[in-house]
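Colleague: Below are the sequence and a predicted model for it; my questions follow.
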Amino acid sequence: MSVKKELFGKLADGTEITKFWIENKNGLRVAVLNYGAIITNLIVPAANGQMKDVVLGYDEIKPYTVNNNFFGAVVGPNANRICKGQYTVDGVSYQIEINDGENNCHSHKTLGYHKCVWNAETGSNFVKLSLTDTDGNLGFPGNRKLSVTYTLTDDNELKLHYEGISDKNTVLNPTNHTYFNLAGHESGNILGHKLQIFASNYTPVVPGAIPTGEIATVKGTPLDFLSSKVVGDDIEDAFEQLQLTSGFDHNWVIDDADGSLKKIAVVEEESAGIVMNVYTTLPGVQFYAGNFIDEQTGKDGASYTKRSGLCLETQYFPDSINQPEFPSPVFGPDRKYDTTTVYEFQTK
């Protein structure tokens, strides 16, 4: 196994962006950029000996510099939402960008980690991307360093290992925002995918998708994915929570989360015969069904539109910093950020 690299393009200021390819013995290949730590391609074995690129993305750098839907990117310092962009750490109040109604979503739309050039180092089967951030930047305290290591195994696992340190207590809750379509990125919507999430509870939201603070059972609701079911079966249900978010876009509370690596979800696509198992050490996962994907042209001239892909964003819960009953996303000198998420691929 080896890592190959190629020039992917240049930013407006002339900075060269590199695409790194990792391939295992089974022909599974993943490509990541040193811009936004973005996964651009994930080509996996499908039924009948075929190979499918199962992630949405672009063929060149320019659309990634816009990327309103965060295709493939690492979002940070904080993924998901913070109510009114306000929070307090160690008695100090902070205000961050208001960019989602009256709230903050994904830290900063133009200066967040998905728009940064990361430092890169490679090994036989991994690419490690890292960046540094200064105290107060984007409204977050602490001089910080974050890295994400993408490792590909011969068991068809793509492992994402995040490590973060800060010299002050700060909010640190990154995630990867890849959109998956296991029938192939160009194949249309994901409504026929089957999904299972090992979570008996979720965090209900108010308008604006800010959690109420409650941890509620999925039982008796369309958000019950404890048994595998087709994504499209209930997505247009009149259930109020779905109406508030135009479909599935909620945080599921992982059963028995204790910081160890656990299997949290299974996605299946019958026509391609691909199964994706998801594992994480984190306490939550945002299942987002791509309800607001902009109509646009993606890789290979593919047409992307509403629900062309789905995300399983492992995370601390949305607005955790303002919800004392939720697991804390505060990290600093006495608490290092260290999490792992794994996407494993099989055929059936």
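Modeller: Perfect, thanks for sending it.

Colleague: so Pro174 makes contact with Val74?
Modeller: Yes: in this structure Pro174 lies within contact range of Val74 using C-beta atoms under 8 Å: 5.7 Å. Any C-beta I mention is one placed from the backbone N, CA and C, and that applies to glycine too.

Colleague: Dihedrals phi and psi, Leu242?
Modeller: phi -70, psi -40 (degrees, to the nearest 10).

Colleague: which one is it nearest to, not counting chain neighbours?
Modeller: Leaving aside its sequence neighbours, Leu242 sits nearest to Pro222 (C-beta to C-beta, 6 or more residues apart in numbering; 6.0 Å).

Colleague: what pLDDT does the closest residue to Ser303 other than its chain neighbours get?
Modeller: Closest residue to Ser303 apart from its sequence neighbours, by C-beta to C-beta, 6+ apart: Thr297 at 6.4 Å. According to the prediction, Thr297 has pLDDT 98.

Colleague: quick revisit: so the residue nearest to Leu242 versus His161, what's the distance?
Modeller: Going from Pro222 to His161 by C-beta to C-beta, to the nearest Å gives 34 Å.

Colleague: Count the residues that sit near Gly164.
Modeller: Neighbour count for Gly164, taken as other C-beta atoms under 10 Å: 25.

Colleague: Identify the bridge partners of it.
Modeller: For Gly164, the beta-bridge partners are Leu146, Tyr337 (DSSP bridges).

Colleague: I'd guessed it sits against Asn173; true?
Modeller: No: using C-beta under 8 Å, Gly164 is not in contact with Asn173; the gap is 9.6 Å.

Colleague: where are the low-confidence patches of the stretch 1-150 of the chain?
Modeller: By pLDDT under 70, the stretch 1-150 of the chain has no low-scoring segment.

Colleague: And the strands in it, which stretches?
Modeller: Secondary structure of the stretch 1-150 of the chain by DSSP state E, counting those that start in this stretch: the strands cover 2-10, 16-23, 29-33, 39-45, 51-53, 74-75, 81-82, 86-89, 92-95, 104-105, 119-122, 126-133, 144-152.

Colleague: so can I have TSV of those showing mean neighbour count and distance to Tyr316?
Modeller: Compiled in TSV, the strands of the stretch 1-150 of the chain are given as follows (neighbours: other C-beta atoms under 10 Å; distance: least, C-beta to C-beta, whole Å):
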stretch	mean neighbour count	distance to Tyr316
strand 2-10	14	30
strand 16-23	18	28
strand 29-33	23	23
strand 39-45	22	21
strand 51-53	19	30
strand 74-75	26	12
strand 81-82	26	11
strand 86-89	16	13
strand 92-95	12	17
strand 104-105	24	15
strand 119-122	14	25
strand 126-133	20	18
strand 144-152	21	14
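
Colleague: what's the closest of those to Gln315?
Modeller: Closest to Gln315 of the strands of the stretch 1-150 of the chain is strand 74-75 (C-beta to C-beta; 9.2 Å).

Colleague: Direction included, what does that closest one pair against?
Modeller: Using DSSP bridges, the strands paired with strand 74-75 are strand 175-176 (antiparallel).

Colleague: What distance do you get for Phe22 to Leu42?
Modeller: For residue 22 the amino acid is Ile, not Phe. According to C-beta to C-beta, Ile22 stands 10 Å off from Leu42.

Colleague: Need the residues touching each of those two.
Modeller: In terms of C-beta atoms under 8 Å, 6 or more residues apart in numbering, Ile22 and Leu42 are both contacted by the residues Arg29, Val30, Ala31.

Colleague: In a markdown table: those residues, plus distance to Asn125.
Modeller: What follows is the shared contacts of Ile22 and Leu42, written out as a markdown table (distance: C-beta to C-beta, whole Å):
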| residue | distance to Asn125 |
| --- | --- |
| Arg29 | 12 |
| Val30 | 10 |
| Ala31 | 14 |
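
Colleague: quick one: Thr158 and Val32 touch, right?
Modeller: Quick fix: residue 158 reads Leu, not Thr. No: counting by C-beta under 8 Å, Val32 is not a contact partner of Leu158; they are 9.8 Å apart.

Colleague: what do these two both touch?
Modeller: Listed as contacting both Leu158 and Val32 by C-beta under 8 Å, 6+ apart are Tyr150.

Colleague: re earlier: relative to Thr340, which of the strands of the stretch 1-150 of the chain is closest?
Modeller: Of the strands of the stretch 1-150 of the chain, the one closest to Thr340 (C-beta to C-beta) turns out to be strand 144-152, at 9.4 Å.

Colleague: Are there helices or strands packed against that closest one, and which ones?
Modeller: Under the contact criterion of 3 or more C-beta pairs under 8 Å, 6 or more residues apart in numbering; DSSP states H and E, strand 144-152 touches strand 16-23, strand 29-33, strand 126-133, strand 157-166.

Colleague: Tell me how far the second one lies from the chain's centre.
Modeller: Distance, stretch centre to chain centre, for strand 29-33: 15 Å (C-alpha atoms, centre = their mean, to the nearest Å).

Colleague: oh, and call the first residue 17 from now on, that's how I've got it
Modeller: Sounds good: first residue 17 from here, last item strand 45-49.
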